[in-house]
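Enquirer: Need a 3D model of the following:
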Amino acid sequence: MMNGIGMGGGWLFGVLIAAGVVLLIILLVRSLGGGVKRDRRDEQNMPRQSSSARQLLDERYARGDLTTEEYQERIRVLGDGT
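Expert: Just a heads-up that it's a prediction; the model follows:
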C-alpha cells in the first residue's frame, strides 16, 4: 500500500526534515553563543588596530579630508611616522 508520497519520496522527505532540524540546531547554538568571534581586541591584535588607524588616515588624506600638517601630526601621535 502506498502512502501518497510514492515509494522514493519517503526517504527524501525524511532527509530534508533531518537537514532542517540540524540547520535549526546550528542556528540556535550560534545565536545563543554569540556567533563566531573573529576580531578579538587583546594585546596580540594591537598592531592590527594601529595598522587599521593608519589605513584610515591614509584614506582620509588621499580624499583631501586632512591637510598635510594634520596628517603628519596624527601619524606622529599614532607612533607610525618618523
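Enquirer: Give me the helices and strands touching the host helix or strand of residue 15, please.
Expert: Assessed by DSSP states H and E, residue 15 sits inside helix 9-33. Contacting helix 9-33 under the criterion 3 or more CB pairs under 8 Å, 6 or more residues apart in numbering; DSSP states H and E is no other helix or strand. All C-beta spots, glycine's among them, are computed from the backbone N, C-alpha and C.
Enquirer: List the buried residues of that helix.
Expert: Buried residues in helix 9-33, counted by 16 or more other CB atoms under 10 Å: none are found.
Enquirer: moving C-terminal of it, what's the next helix or strand?
Expert: helix 46-63.
Enquirer: model confidence over that next one, on average?
Expert: When pLDDT is averaged over helix 46-63, the result is 79.
Enquirer: could you say what helices and strands it packs with?
Expert: Using 3+ CB pairs under 8 Å, 6+ apart, the elements in contact with helix 46-63 are helix 68-78.
Enquirer: tell me which residues of stretch 68-82 are tucked away?
Expert: 71, 74-75.
Enquirer: Where in the chain is the helix or strand with the lowest mean pLDDT?
Expert: Sorting the helices and strands of the chain by mean pLDDT, DSSP states H and E puts helix 46-63 at the bottom, at a mean of 79.
Enquirer: Can you list the buried residues in that helix?
Expert: Neighbour counts over helix 46-63 (16+ other CB under 10 Å) mark 54, 57, 61 as buried.
Enquirer: Nearest residue to residue 66 in space, ignoring adjacent ones along the chain?
Expert: With sequence-adjacent residues excluded and distances taken as CB to CB, 6 or more residues apart in numbering, residue 66 is closest to residue 60, at 5.1 Å.
Enquirer: Kind regards, and thank you for your time.
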